[in-house]
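Enquirer: I'd like to go over a predicted model; first the sequence, then the structure.
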Amino acid sequence: MRKLKVFLDFNEEESYLNDMARKGYLLKKYSTFGIYHFIEGEPQELTYKIDYKVFRNHADFEDYKALFEDAGWIHVYGTKLGGNQYFIPKNKGADNEIFSSRESAASRYKTFYNLCSINVAVAAMCIIAVLSTNGFNLSAFGFLTPGLWDMAGADFWRAFFFELPFVIFRLLGPILLIGMGVVYGYWGSKAKRTYDLQMKGCENR
C-alpha cells in the first residue's frame, strides 16, 4: 500500500508511522516528496524514530547503520542520499530515545535546512543560466520555426506539432526549477523555525 503524506515535523511523522503500525501497516520504503510504501502485517506497537543524515560515500553510510545496530536499533529504511533514516528498537522494552540530547534531536532540522538552502541556490543558478542563455528573451521559449505563423493548412500543422514537444520542454524546465526553489525554500524556512524553537527550549531548561 502507498500513502502520500508530507511532514515538516519529524515528531509528527514518527507518530503517523506508529499509528500505521498499530493498524497493521509497516513501513517498507519512503520515496521522495512524501510517498510511503507499507506492507500489511500484524498490528504492532512500534516506536519509529527518524534521523536526518546525508552521506558522501557508502562506507560512511554503512558505519552509521552499524553504529545504531550496536546501540540496539534496526535500520528500517534510508539511503545514502535520501536524508530520512528510519529506525525501530530491537527490543520493545529498551530505551526508545534515539538521541543523546535535545540538541542532537534538533540538529536534524538544521541539517534539513542546510540541504534545502543548497537546493534553492542550485535552482536559482539553473534558472539564471537558462534565462541568460536565451538573453533573457522570453520569446525564445515559444515556437522558433521561421515563418510558422504565416503557414497554412497541412504545412502549418506539421511544423506546429513537430516543434510542440520542444516548446513544452523549454517551458517546463524553468517552471519546474522555480517550483523546486519555492518548495525547498518553504520547507527550509519551516525547518529553520523549528530548529530555532527547539534550541531556544534547550537554552531555557
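Expert: Thanks, I have it.

Enquirer: Straight-line length of stretch 83-100, end to end?
Expert: One end of stretch 83-100 sits 20 Å from the other (C-alpha to C-alpha, to the nearest Å).

Enquirer: now swap in stretch 49-65 and tell me
Expert: Per C-alpha to C-alpha, stretch 49-65 runs 14 Å from first to last residue.

Enquirer: got the buried residues for that stretch?
Expert: Neighbour counts over stretch 49-65 (16 or more other C-beta atoms under 10 Å) mark 49-55, 61, 64-65 as buried. C-beta: built from backbone N, CA, C; applies to glycine.

Enquirer: confidence score at residue 126?
Expert: For residue 126, the pLDDT comes out at 81.

Enquirer: Give me the neighbour count for it.
Expert: For residue 126, the count of nearby residues is 17 (other C-beta atoms under 10 Å).

Enquirer: element containing it?
Expert: Take DSSP states H and E as the rule and residue 126 turns out to sit in helix 102-133.

Enquirer: same thing with residue 28?
Expert: Secondary structure (DSSP H and E) places residue 28 in strand 25-31.

Enquirer: Outside of the very next helix or strand once past that strand itself, list whatever touches it.
Expert: Sequence order places strand 35-40 as the next helix or strand after strand 25-31, per DSSP H and E. The contact list for strand 35-40 (C-beta atoms under 8 Å, 6 or more residues apart in numbering) reads 1-5, 17, 20, 24-31.

Enquirer: Spell out which residues make up each domain of the protein.
Expert: Taking automatic domain parsing as the reference, the chain has its domains at 2-89, 102-203.

Enquirer: can you list the weak-confidence ranges in this structure?
Expert: Along the chain, the parts satisfying pLDDT under 70 run over 93-95, 131, 133-142, 144, 203-205.

Enquirer: tell me the strands in it, going along the chain?
Expert: For the chain, strands defined by DSSP state E occupy the ranges 2-4, 25-31, 35-40, 49-53, 73-77, 83-89.

Enquirer: TSV please, covering the ones you listed and showing distance to residue 179.
Expert: Shown next, in TSV, are the strands of the chain (distance: least, C-beta to C-beta, whole Å):
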stretch	distance to residue 179
strand 2-4	17
strand 25-31	18
strand 35-40	17
strand 49-53	23
strand 73-77	26
strand 83-89	19
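
Enquirer: and of those, who's closest to residue 192?
Expert: With C-beta to C-beta as the measure, strand 49-53 is the member of the strands of the chain nearest residue 192 (13.7 Å).

Enquirer: And the top helix by length along the chain, what does it pack against?
Expert: When the chain is parsed with DSSP state H, its longest helix is helix 153-203. Judged by 3 or more C-beta pairs under 8 Å, 6 or more residues apart in numbering; DSSP states H and E, helix 153-203 is in contact with helix 102-133.

Enquirer: List the buried residues for the helix it packs on?
Expert: 105-113, 115-117, 119-120, 123, 126-127, 130.

Enquirer: Same check on stretch 166-182?
Expert: Going by 16+ other C-beta under 10 Å, stretch 166-182 has these buried residues: 170, 174, 177, 180-181.
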